[in-house]
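Visitor: The sequence isn't on hand, but the structure is:
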């Protein structure tokens with residue numbers, strides 16, 4: 001695998017491991033309890049990650065299936081765009097600013113740990129498979145339109161970094177929810 005894709009893959013696998021440890025650290029009630037009236041449940045934080053990954057997958061798949069996308073070989077070094085660098089920086093925990101999401105990316109209901117993790121793992125594996133499919137291709141030249149805001153365009157490679165930063169942000173948010181619930185007991 002391309003070294004730059006290995007870095008992103010390792011970040012996504014690390015996030016998945018942290019999410020599982022986080023889920024193991026709480027009981028079912030804590031998992032589905034809101035720490036404050038306007039805060040997300042731990043279940044919602046992870047469910048949101050599943051929804052966002054699932055929104056990116058068709059866009060990524062469509063672009064990878066295009067002949068012109070597959071024709072470009074990966075450069076020795078892949079780089080994120082400046083926009084992606086800025087988005088990643090803004091997303092990295094600790095959160096310095098709240099970014100509201102649209103209703104489509106808010107889970108409809110709280111799910112059990114088992115359900116939440118199963119859906120998350122399924123979407124994460126699909127994302128990792130998409131990375132493997134793109135290995136050897138110049139992912140910096142494949143442009144994606146953000147499923148969240150059609151005004152945002154960035155490379156496939158940049159989207160992977162944004163996704164990894166986004167996962168770290170919501171892991172931080174879920175951890176904060178857990179800690180606030182523990183402190184309230």
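Guide: Sure, I can see it. Quick caveat, the model's predicted, so the values are computed rather than measured.
Visitor: So residue 87: helix, strand or coil?
Guide: helix (DSSP: H, G, I helix; E, B strand; the rest coil).
Visitor: Need phi/psi at residue 144.
Guide: phi -110, psi 150 (degrees, to the nearest 10).
Visitor: which stretches of this protein form helices?
Guide: 3-24, 28-31, 42-64, 67-70, 82-91, 113-134, 156-184 (DSSP state H).
Visitor: in the fourth one, what's buried?
Guide: When you say that, I think you mean helix 67-70. For helix 67-70, burial by neighbour count (16 or more other Cβ atoms under 10 Å) applies to 69, 70. Backbone N, C-alpha and C define where each C-beta goes, glycine included.
Visitor: what about it, distance to the chain center?
Guide: With Cα atoms, centre = their mean, to the nearest Å as the basis, helix 67-70 stands 25 Å off its chain's centre.
Visitor: Check the third one too.
Guide: When distances are taken as Cα atoms, centre = their mean, helix 42-64 is centred 7 Å away from the chain's centroid.
Visitor: swap in the first one?
Guide: Distance, stretch centre to chain centre, for helix 3-24: 10 Å (Cα atoms, centre = their mean).
Visitor: residues making contact with it?
Guide: Residues outside helix 3-24 that contact it (Cβ atoms under 8 Å, 6 or more residues apart in numbering) are 1, 31, 42, 46, 49, 77-78, 113, 116-117, 120-121, 124, 127-128, 131, 134-135, 139, 157, 160-161, 163-164, 167-168, 171, 174-175, 178.
Visitor: I'd like the helices of the chain laid out as a markdown table, including mean pLDDT and distance to residue 144.
Guide: Shown next, in a markdown table, are those (pLDDT from 0 to 100; distance: least, Cβ to Cβ, whole Å):
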| stretch | mean pLDDT | distance to residue 144 |
| --- | --- | --- |
| helix 3-24 | 98 | 15 |
| helix 28-31 | 95 | 32 |
| helix 42-64 | 94 | 5 |
| helix 67-70 | 81 | 11 |
| helix 82-91 | 90 | 10 |
| helix 113-134 | 96 | 11 |
| helix 156-184 | 95 | 5 |
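Visitor: Indicate which one of those helices is closest to residue 145.
Guide: helix 42-64 (6.8 Å; Cβ to Cβ).
Visitor: can you redo the helices of the chain as a markdown table with distance to residue 99?
Guide: Shown next, in a markdown table, are those (distance: least, Cβ to Cβ, whole Å):
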| stretch | distance to residue 99 |
| --- | --- |
| helix 3-24 | 18 |
| helix 28-31 | 24 |
| helix 42-64 | 12 |
| helix 67-70 | 29 |
| helix 82-91 | 8 |
| helix 113-134 | 20 |
| helix 156-184 | 9 |
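Visitor: Many thanks, we can stop here.
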